[in-house]
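Asks: Output the structure for:
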Amino acid sequence: MGVGYALILGLKYAIKNGYQITIHLAGNGKMLPSQIPVFLKQLINKKIDFVSGSRFLKKGDYKSNPLIRIVLIKILSFTISLLYKKNNGCHMWFQSI
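Replies: Reported below is the predicted structural model:
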C-alpha cells in the first residue's frame with residue numbers, strides 16, 4: 001500500500017462523510033499548507049471543481065532544481081510520451097464526484 005492507495009481511501013472517506021472539498025499535500029515539505037487558502041478561494045469564488053498547483057509555473061521556481069534534473073525530467077517525459085503514445089501530464093476531472 002502506498003500513496004495512491006492512501007489517496008483512494010481518503011477520497012472514499014470524504015465522499016462517504018459528505019465532504020465538499022478535499023485537499024492533497026505531499027508530505028515532503030515542497031507543498032506549503034499556508035497556500036491552502038489560495039486554493040480554497042479559487043474553488044469557492046470561481047465555482048470550479050478542480051485546482052492543481054505546480055512549482056514549475058514560474059520560471060524562477062526551477063532554481064531549486066539542478067539543471068541536470070530539469071533536463072532529465074524533460075527527456076523522460078518525452079520518452080514516456082513516445083513509448084506509450086500518451087501525454088503523461090494529462091489530468092482529468094469531472095463536474096462532480
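Asks: can we go C-alpha only for contacts and neighbour counts from here?
Replies: Noted.
Asks: Report the distance from the longest helix belonging to the chain to the chain centre.
Replies: Ranked by residue count under DSSP state H, the longest helix found in the chain is helix 67-84. Remark: helix 67-84 is offset 18 Å from the chain centroid, using C-alpha atoms, centre = their mean, to the nearest Å.
Asks: cool, stretch 32-51 as well?
Replies: Its chain's C-alpha centre and that of stretch 32-51 lie 13 Å apart, by C-alpha atoms, centre = their mean.
Asks: mind giving me the domain ranges of this protein?
Replies: 1-53, 54-87 (automatic domain parsing).
Asks: Can I get the ones you listed in TSV including mean neighbour count?
Replies: Compiled in TSV, the domains of the chain are given as follows (neighbours: other C-alpha atoms under 10 Å):
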stretch	mean neighbour count
domain 1-53	11
domain 54-87	11
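Asks: looking at those domains, which has the lowest confidence?
Replies: Comparing mean pLDDT over the domains of the chain, the weakest stretch is domain 54-87, at a mean of 72.
Asks: Centroid-nearest residue for the chain?
Replies: Computing the C-alpha centroid of the chain and ranking residues by C-alpha atoms, centre = their mean puts residue 52 first, at 5.0 Å.
Asks: Secondary structure element for it, which one?
Replies: Take DSSP states H and E as the rule and residue 52 turns out to sit in neither a helix nor a strand.
Asks: how far away is it from residue 25?
Replies: Residue 52 sits 11 Å away from residue 25 when distances are taken as C-alpha to C-alpha, to the nearest Å.
Asks: measure the residue nearest to the centre of the chain to residue 30 for me?
Replies: Shown here: residue 52 relative to residue 30, a distance of 14 Å by C-alpha to C-alpha.
Asks: With residue 66 instead?
Replies: For residue 66, the distance to residue 30 under the criterion C-alpha to C-alpha works out to 15 Å.
Asks: go on, residue 74?
Replies: Remark: distance between residue 74 and residue 30 (C-alpha to C-alpha) = 20 Å.
Asks: For the nearest residue to residue 39 once chain neighbours are set aside, give me its contacts.
Replies: Distance criterion C-alpha to C-alpha, 6 or more residues apart in numbering; nearest residue to residue 39, sequence neighbours excluded, is residue 51 at 6.5 Å. Residue 51 makes contacts with 39, 42-43, as judged by C-alpha atoms under 8 Å, 6 or more residues apart in numbering.
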